[in-house]
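Colleague: Generate coordinates for the sequence data below:
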Amino acid sequence: MHARPRVAPLLLLALLAAPFATAQLAPGDLLVADLGVQPGLYAVTPAGALATTLLRTGPDYPNAIAERSHAGGLELLVAMVGLPDRLLALTPSGVATTLLPIPGVRPNGLAPDPDGSWRLSASGTQGLLRFDPTARSISTLWKNPFAASVNSVAVNQDTGHYAVALFGYAGPRVVELDRGGALAVTLDSSIRDISSIAWDPSTGTYTLTDFVKNDPAEFVRLDPVRRTVTSLVSPSAAHDLNAQARTRRGTSWLAGGNLLYSGTLHEVVPGGAVLRSFPLPWPNAAPSAIAQYGASPLGTSGRAAPGGTFFFHLASALPSDRNKPYALLLSLSSRPGIPLPDGRTLELRFDPITAWGLLGALAPFFGSGSNVGVLDGAGRATARLTLPAWVPPATGVRLFAAFGTIDSAAPSGIGTVSNTVGFTVE
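Modeller: Next up is the predicted model:
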């Protein structure tokens with residue numbers, strides 16, 4: 001559970017006055033939220049150097065971060081605890097805007113919904129909330145009935161269900177809710193002290209971190225179909241694991257540490273082997289959340305239904321993608337993905353719908369072809385999927401979308417390979 005430690009006021013003031021890096025945020029930088037001695041939001045290079053400080057806070061602190069691609073471009077959503085609890089939008093240059101005060105919520109997890117809203121997990125019995133960043137409103141989707149606190153949330157891209165991780169000593173530990181907020185299934189009642197949960201589209205499973213160092217495993221895989229748990233790795237016996245972030249290369253970054261042991265980052269492969277580890281470049285780091293800048297350049301909003309319009313928001317963080325051609329592809333599945341020669345994977349199965357998109361057969365449904373085009377000078381574009389009212393309802397059909405940019409100078413001739421977004425045709 002992400003709890004704020006007590007810090008001597010004079011020490012806190014001294015640290016807040018300390019100088020910090022001013023380098024620019026770059027694609028691939030790791031965004032680390034810290035609730036420790038130097039609370040704030042930091043960017044760390046994949047080599048372990050401090051790139052920049054985006055937020056310096058205290059006594060409040062960031063407890064959840066997520067990347068949001070929308071019509072205005074790419075921004076960070078930051079859930080703050082204290083003074084009061086609130087939700088921020090943060091530009092890549094560090095300009096913060098308060099979207100909504102949420103006093104008493106104590107937010108600790110964020111996950112996107114295809115309609116453009118977000119799911120916010122809240123401590124205690126508050127459960128799962130629906131946050132609309134456009135309307136700047138919040139409402140209760142599911143009230144937690146268990147004697148445990150909700151500690152994290154993720155979206156099952158295969159079904160659209162929400163997985164909620166609970167922190168407690170008895171009862172369910174991971175449950176799934178349908179999109180309306182009804183309890184669908186209990187997936188696990190055995191994993192102790194879950195600090196984060198994430199979806200792995202390459203395997204159709206969840207990965208979880210456990211912050212209690214004495215457990216037999218700190219990074220585990222949960223299969224929602226078989227309801228089995230597999231231990232992957234415990235990269236550090238001395239440090240708690242508090243957060244995780246999946247990269248476009250299919251690896252995961254794990255963040256660990258507390259006030260007694262300096263924070264660390266570990267990059268691990270899907271099977272659990274540790275590729276590299278390094279300490280966070282500031283003292284007594286206690287990371288509460290982690291994300292990778294530029295890893296989620298595809299967002300969606302609207303309604304995929306006959307007579308409705310569904311929007312795909314493309315926002316690349318790569319400067320080299322500006323004014324470059326793009327192709328937005330659809331599929332009926334995200335697995336197996338399309339492997340690229342440079343080792344990356346476009347997480348879509350190549351099927352007839354994918355081929356129709358490449359051949360232009362889907363152009364009439366995309367406003368005369370907005371599924372292919374050229375990104376603007378800021379690396380952005382919007383594709384619009386409109387289903388005519390005469391199209392028979394296809395309730396429950398699940399589609400998956402991802403995009404790539406064309407760049408002859410990039411590996412394999414492809415610049416950005418986006419995240420995959422699943423959505424349901426209503």
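Colleague: mind checking how far the closest residue to residue 60 other than its chain neighbours is from residue 127?
Modeller: Once flanking residues are discounted, residue 60 sits nearest to residue 82: 3.3 Å by C-beta to C-beta, 6 or more residues apart in numbering. Just so you know, the C-beta spots here come from the backbone N, C-alpha and C atoms, and that holds for glycine as well. The span separating residue 82 from residue 127 equals 21 Å under the rule C-beta to C-beta, to the nearest Å.
Colleague: try residue 70
Modeller: 25 Å.
Colleague: more neighbours, the two?
Modeller: residue 127 (23 against 19; other C-beta atoms under 10 Å).
Colleague: Just the element for the nearest residue to that one once chain neighbours are set aside, please.
Modeller: What sits nearest to residue 127 in space, not counting adjacent residues and going by C-beta to C-beta, 6+ apart, is residue 144, at 3.7 Å. According to DSSP states H and E, residue 144 maps onto no helix or strand at all.
Colleague: residues touching residue 144, list them.
Modeller: Contacts for residue 144 were tallied using C-beta atoms under 8 Å, 6 or more residues apart in numbering; they are 124, 125, 126, 127, 128, 150, 164, 166.
Colleague: Go through these and name the one nearest residue 199.
Modeller: residue 164 (12.8 Å; C-beta to C-beta).
Colleague: give me the number of residues near residue 76?
Modeller: The burial count for residue 76: 23, using other C-beta under 10 Å.
Colleague: Next: residue 399.
Modeller: 19.
Colleague: Can you show me the CA trace of the helix or strand where it lies as PDB?
Modeller: According to DSSP H and E, residue 399 maps onto strand 397-406. The C-alpha trace of strand 397-406 is given here as PDB (Å, rounded to 0.1, in the frame of the first residue of the first chain):
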ATOM      1  CA  VAL A 397     -17.600  -8.000 -31.100                       C
ATOM      2  CA  ARG A 398     -14.200  -7.100 -29.800                       C
ATOM      3  CA  LEU A 399     -11.800  -5.200 -32.000                       C
ATOM      4  CA  PHE A 400      -8.200  -4.200 -31.500                       C
ATOM      5  CA  ALA A 401      -6.300  -1.200 -32.900                       C
ATOM      6  CA  ALA A 402      -2.700  -0.100 -33.200                       C
ATOM      7  CA  PHE A 403      -0.700   2.200 -35.500                       C
ATOM      8  CA  GLY A 404       2.800   2.500 -36.900                       C
ATOM      9  CA  THR A 405       4.600   5.400 -38.600                       C
ATOM     10  CA  ILE A 406       6.700   5.100 -41.700                       C
END
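Colleague: And that strand, what does it pack against?
Modeller: strand 298-302, strand 309-315, strand 325-331, strand 414-417, strand 421-425 (3 or more C-beta pairs under 8 Å, 6 or more residues apart in numbering; DSSP states H and E).
Colleague: How is the chain partitioned into domains?
Modeller: 9-292, 298-425 (automatic domain parsing).
Colleague: Quick one: mean pLDDT over the longest one.
Modeller: Pointing back at domain 9-292 there. For domain 9-292, mean pLDDT rounds to 87.
Colleague: Then the shortest one?
Modeller: Here domain 298-425 scores 93 as its mean pLDDT.
Colleague: Give me the contacts around whatever helix or strand residue 207 lives in.
Modeller: For residue 207, the host element (DSSP H and E) is strand 205-210. For strand 205-210, contacts defined as C-beta under 8 Å, 6+ apart pick out 154, 156, 163, 165, 174, 187, 191-200, 217-224, 232, 241-244, 246, 252, 254.
Colleague: looking at the domains of the chain, which is buried most?
Modeller: Highest mean neighbour count of the domains of the chain: domain 9-292, a mean of 19 (counted as mean count of other C-beta atoms under 10 Å).
Colleague: if we can go back for a sec, can I assume the residue nearest to residue 60 is in contact with residue 58?
Modeller: No. If you go by C-beta atoms under 8 Å, residue 82 and residue 58 don't touch, sitting 9.0 Å apart.
Colleague: Could you tell me how far the strand holding residue 207 lies from the centre of the chain?
Modeller: When distances are taken as C-alpha atoms, centre = their mean, to the nearest Å, strand 205-210 is centred 13 Å away from the chain's centroid.
Colleague: Same check on stretch 270-283?
Modeller: 19 Å.
Colleague: what's next to it, contact-wise?
Modeller: So stretch 270-283 is contacted by 32, 34, 37-38, 42, 44, 47-50, 200, 202-203, 219, 231-233, 235-236, 250-252, 255, 257, 262-269, 285, 287 (C-beta under 8 Å, 6+ apart).
Colleague: What spatial separation is found between the residue lying closest to residue 199 once chain neighbours are set aside and residue 135?
Modeller: Closest residue in space to residue 199, ignoring its immediate chain neighbours: residue 154 at 4.9 Å, by C-beta to C-beta, 6+ apart. To residue 135, residue 154 is 24 Å away according to C-beta to C-beta.
Colleague: cool, and residue 91?
Modeller: Taken as C-beta to C-beta, the span from residue 91 to residue 135 is 20 Å.
Colleague: what separates the spatially most central residue of the chain from residue 76, distance-wise?
Modeller: The centre of the chain sits closest to residue 66, judged by C-alpha atoms, centre = their mean, with a distance of 5.0 Å. As for residue 66, its distance to residue 76 is 7 Å (criterion: C-beta to C-beta).
Colleague: try residue 282
Modeller: Distance from residue 282 to residue 76, by C-beta to C-beta: 19 Å.
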